[in-house]
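# got a predicted structure here, sequence first:
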Amino acid sequence: AQKITQTQPGMFVQEKEAVTLDCTYDTSDPSYGLFWYKQPSSGEMIFLIYQGSYDQQNATEGRYSLNFQKARKSANLVISASQLGDSAMYFCAMRVMNMEYGNKLVFGAGTILRVKS
Amino acid sequence: KAGVTQTPRYLIKTRGQQVTLSCSPISGHRSVSWYQQTPGQGLQFLFEYFSETQRNKGNFPGRFSGRQFSNSRSEMNVSTLELGDSALYLCASSAGTVSYEQYFGPGTRLTVT
C-alpha cells in the first residue's frame, strides 16, 4: 500500500522568504511519481511540480523546487521568494507507475501555508 | 484549450436522495478520475475511468458509482445519500495511461441535509 505523510498541519512564512513543506512517502513499488498540488480556498487543485522515482535531478518549476531524497523517502517542496498569493493548502501526492493502479493518486493530509506581509 | 469542467458547482440534497455529478475532461483526454475531499478523511480516490471502462476503484460503498461516455465525459452517482457524503467532489483528467499530468476541475460541493 502507498502512504503519504505531511507532518506540518500549518506553516507561516514571511513574504519574500523561502519555505519548505515536508512530505514523506511509503511504497514498495520501485516506479512511482511524486506530485505537489496547491489548493486555494476556491477548491481547485493546481498542479505545481512532479518528480519521478528514477529522475536523477531534483525537479524545479519556477519558484518551486522539489527536494527529493530517495533513501529517506522524502519529497519536500521548497517555495522561494514567497508571495501573498501562495497562501493556500498544499498537498503532496504519489502515483505508482503501474498499470494496475492507473492514474490513482494517494494524497497526504495537506499543509496550510500562510504568507505574512 | 478548455480545462476540466464540473457541473453543478454546488448542490444541496436531502438524506436518502440520489445525486449525479458530471465531469468533462480536457479535449483529447481519455482518463477521468474522481476524488472525494472531506475535512475528516482528506482526499480519497473514488474510481478511474479510461476509454469507458472502470480501471480502478477506491474503498467506497456500492452507493457510489460512475460511468464514462464515448466522448470521455464522466458522471458519478451517489444513491441513498447520507450526511457523511457531504464533501467536495473533484475530478481529474489525464491524457492516457502513461501520462503523469493530471488536471483537476473546480469541484462540486455537495451538501447533504
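That came in fine, so what should we check first?
# close to chain A, is the one helix or strand in chain B whose mean pLDDT sits lowest?
Ranked by mean pLDDT, DSSP states H and E, the helix or strand of chain B with the weakest confidence is strand B:53-57, at a mean of 91. Yes: for strand B:53-57 and chain A, the contact criterion (Cβ under 8 Å from any Cβ of the partner chain) is met by B:Arg55, B:Asn56. From N, CA and C alone the C-beta is placed, and that goes for glycine too.
# which is the next helix or strand following that strand?
For strand B:53-57, the following helix or strand on the C-terminal side (DSSP states H and E) is strand B:64-68.
# which strands and helices sit next to that next one?
The contact analysis (3 or more Cβ pairs under 8 Å, 6 or more residues apart in numbering or on different chains; DSSP states H and E) places strand B:64-68 against strand B:42-50, strand B:53-57, strand B:74-78.
# now that strand against strand B:42-50, angle please.
Computed by axes from the mean of the first three to the mean of the last three Cα atoms, to 10 degrees, the angle separating strand B:64-68 from strand B:42-50 equals 40 degrees.
# please identify the helix or strand for the residue most central in space within chain B.
Ranked by distance to the mean C-alpha position of chain B (Cα atoms, centre = their mean), the top residue is B:Trp34 at 3.4 Å. Under the assignment given by DSSP H and E, the secondary-structure element containing B:Trp34 is strand B:31-38.
# and that strand, which strands flank it?
Strand pairing for strand B:31-38, using DSSP bridges, gives strand B:42-50 (antiparallel), strand B:87-94 (antiparallel).
# that one relative to strand B:74-78, how many degrees between them?
Taking the same axes, to 10 degrees, strand B:31-38 and strand B:74-78 form an angle of 40 degrees between their directions.
# tilt between strand B:31-38 and strand B:53-57?
Going by the same axes, to 10 degrees, strand B:31-38 makes 40 degrees with strand B:53-57.
# next one: strand B:31-38 to chain centre, how far?
Mean-position distance between strand B:31-38 and its chain equals 5 Å (Cα atoms, centre = their mean, to the nearest Å).
# how about stretch A:26-38?
Relative to the mean C-alpha coordinate of its chain, stretch A:26-38 is positioned 10 Å out (Cα atoms, centre = their mean).
# so does it get close to chain B?
Yes: when contact is scored as Cβ under 8 Å from any Cβ, part of stretch A:26-38 falls within range of chain B: A:Gly33, A:Phe35, A:Tyr37.
# strands - which of those land there?
Secondary structure assignment by DSSP state E places A:Gly33, A:Phe35, A:Tyr37 of these in strands.
# which of the helices and strands packed on strand B:64-68 has the lowest average pLDDT?
Per-segment mean pLDDT for the helices and strands packed on strand B:64-68 reaches its minimum on strand B:53-57, at a mean of 91.
# buried set for that one?
Burial within strand B:53-57, assessed by neighbour count using 16 or more other Cβ atoms under 10 Å in any protein chain shown, is assigned to B:Arg55, B:Asn56.
# just checking, what packs against it?
Secondary-structure packing of strand B:53-57 (3+ Cβ pairs under 8 Å, 6+ apart): strand B:42-50, strand B:64-68.
# state the mean pLDDT of the shortest one.
Read it as strand B:64-68. 97.
# stretch B:92-112: end-to-end distance?
Terminal residues of stretch B:92-112 are spaced 23 Å apart (Cα to Cα, to the nearest Å).
# ugh, wrong one, stretch A:4-23
Distance between the two ends of stretch A:4-23: 7 Å, counting by Cα to Cα.
# quick one: mean pLDDT for that stretch?
97.
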